[in-house]
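Colleague: Quick check, what structure comes out for this input:
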Amino acid sequence: MTDRRTDHTADRKTRVTVLVALSANLVIAVAKAIGGVIAGSPALLSEAAHSVADSLNEVFLLAALRRSRRPADRRHPFGYGKERFFWSLLAAVGIFVMGGCFSFFQGVEALAKGGEESFGGYLAGMIVLGVALLAEGASLLRALHQLRGQGFADGLRDPALRTVVAEDGTAVLGVTLALIGMALHMVTGEVVWEASASLAIGALLVYVAYRLGKDARTQLIGEAADPESSARICSLLRAQPEIDSVEALFTMKTGIDSALVAARVDLVPGLDSERVEEVAVRIKRSIAHAVPEAGQIFLDVTDRPAQESRESPAATGERGGA
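Modeller: Numbers count the residues shown, from 1 in each chain. Okay, here's the model as predicted:
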């Protein structure tokens, strides 16, 4: 069970986590870019692009945290909860374009040009990556600490926190790959090691972008509430003495902690209109109490035969349903 104050507290913690990640990435991006230009290292330049993409994405996530908590209004009667999903989708696109594609470009270009035997600046570049590894690791630990505090299942429902964890985890792995690639290039004199590191970083970023984008897309187009919540609502409806049968139940997430619930129920015969209204109000209150995320609840009462109701648009999902 969560209340509004708990949600806002979690948002504040997530905002701090995002700001920590943003500060680390901005400093690291500048250091990596300077080191990459001096050393002429494709792996280091790939990591610089990775940090720039992460910095931009954290700005997106801060916007998501601020905008998603706006109250419902006339133009958006179900609120702005899906803002988080939209900005998380933009973050995934940023990782793919700015991080993954640039890393692939650096790797292919290094293979095409071949390696230079001069390794001037490589030591400084590796020191930069070492510092970056510590900073990214600290940011990841902060995100994991919050995730553990909120509970992994609840924390991962928040696309902002989920994106930060994915970015920081990818950053730690990416820096490690860049370090290995640069070290092997220096030892063997073969640029293929560093180019391979850039390609591996690119593949890693594309995969992470795909997973984050897929989750955001699912939530944007109307993901159903958690199966446990849906089952709880269905059981509650069927337990009501005035309900003969539950003909259809639809749920849709309208935010990370809010959902829309629409149910078509067949009442027992003999209830007058006043009694039906009392029953509907009581059932809605029961659902809201049992499932706090059910922010909007709609009941469609019907006295049609069950078979006819099951073949209706609401039960089949066709256009025109409730």
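Colleague: C-alpha from now on. contacts and neighbour counts both.
Modeller: Noted.
Colleague: From the chain's centroid, how far away is whichever strand or helix holds residue 88?
Modeller: According to DSSP states H and E, residue 88 maps onto helix 83-94. With Cα atoms, centre = their mean, to the nearest Å as the basis, helix 83-94 stands 8 Å off its chain's centre.
Colleague: which secondary structure elements does that helix contact?
Modeller: Counting contacts by 3 or more Cα pairs under 8 Å, 6 or more residues apart in numbering; DSSP states H and E, helix 83-94 packs against helix 42-67, helix 159-188, helix 191-220.
Colleague: The shortest one - what's its average pLDDT?
Modeller: What helix 42-67 shows for mean pLDDT is 82.
Colleague: ok, residue 191 to residue 183 distance?
Modeller: 11 Å (Cα to Cα, to the nearest Å).
Colleague: And residue 202, by the same measure?
Modeller: Applying Cα to Cα to residue 202 and residue 183 gives a distance of 19 Å.
Colleague: higher neighbour count, those two?
Modeller: residue 202 (29 against 17; other Cα atoms under 10 Å).
Colleague: Would you check how far apart the residue nearest to the more buried one when sequence neighbours are not counted and residue 52 are?
Modeller: Leaving out its chain neighbours, the residue that sits closest to residue 202 by Cα to Cα, 6 or more residues apart in numbering is residue 100, at 4.1 Å. For residue 100, the distance to residue 52 (Cα to Cα) stands at 12 Å.
Colleague: Tell me which of those two has more neighbours.
Modeller: Of the pair residue 100 and residue 52, residue 100 is the one with more neighbours under other Cα under 10 Å, namely 29 against 25.
Colleague: so that one sits in a strand?
Modeller: No. Counting by DSSP: H, G, I helix; E, B strand; the rest coil, residue 100 is not part of a strand but helix.
Colleague: please renumber so the chain begins at 844
Modeller: Noted, 844 is the first residue going forward, which turns the last one into residue 943.
Colleague: Show the contacting residues for it.
Modeller: Going by Cα atoms under 8 Å, 6 or more residues apart in numbering, residue 943 touches 893, 1044-1049.
Colleague: any idea how far it lies from residue 1024?
Modeller: Taken as Cα to Cα, the span from residue 943 to residue 1024 is 17 Å.
Colleague: ok, the lengthiest strand in the chain: who's next to it in the sheet?
Modeller: If you go by DSSP state E, the chain has its longest strand at strand 1086-1098. Sheet pairing of strand 1086-1098 (DSSP bridges) gives strand 1101-1110 (antiparallel).
Colleague: C-terminal to the strand it pairs with, what's the next element?
Modeller: Past strand 1101-1110, the next helix or strand by DSSP H and E is helix 1116-1133.
Colleague: what angle separates that next one from strand 1086-1098?
Modeller: 50 degrees (axes from the mean of the first three to the mean of the last three Cα atoms, to 10 degrees).
Colleague: for stretch 1081-1089, how far is the first residue from the last?
Modeller: 7 Å.
Colleague: Just give me how far that stretch sits from the chain centre.
Modeller: Centroid displacement of stretch 1081-1089 relative to its chain, using Cα atoms, centre = their mean, is 37 Å.
Colleague: Identify all contacting residues around it.
Modeller: Counting by Cα under 8 Å, 6+ apart, 1077, 1080, 1106-1111, 1122, 1126, 1149 sit against stretch 1081-1089.
Colleague: between the residues you listed, which is closest to residue 975?
Modeller: Distances from residue 975 to the contacts of stretch 1081-1089, taken as Cα to Cα, are shortest for residue 1077 (50.5 Å).
Colleague: hang on, the closest one packs against residue 1092?
Modeller: Yes. If you go by Cα atoms under 8 Å, residue 1077 and residue 1092 touch, sitting 7.4 Å apart.
Colleague: who has more neighbours, those two?
Modeller: Neighbours around residue 1077 and residue 1092, counted as other Cα under 10 Å, are more numerous at residue 1092. The numbers are 19 against 16.
Colleague: Leaving aside the residues adjacent along the chain, what's closest to the more buried one?
Modeller: Closest residue in space to residue 1092, ignoring its immediate chain neighbours: residue 1106 at 4.4 Å, by Cα to Cα, 6+ apart.
Colleague: which ones are touching the one you found?
Modeller: Per Cα under 8 Å, 6+ apart, neighbours of residue 1106: 1089-1093, 1141-1143.
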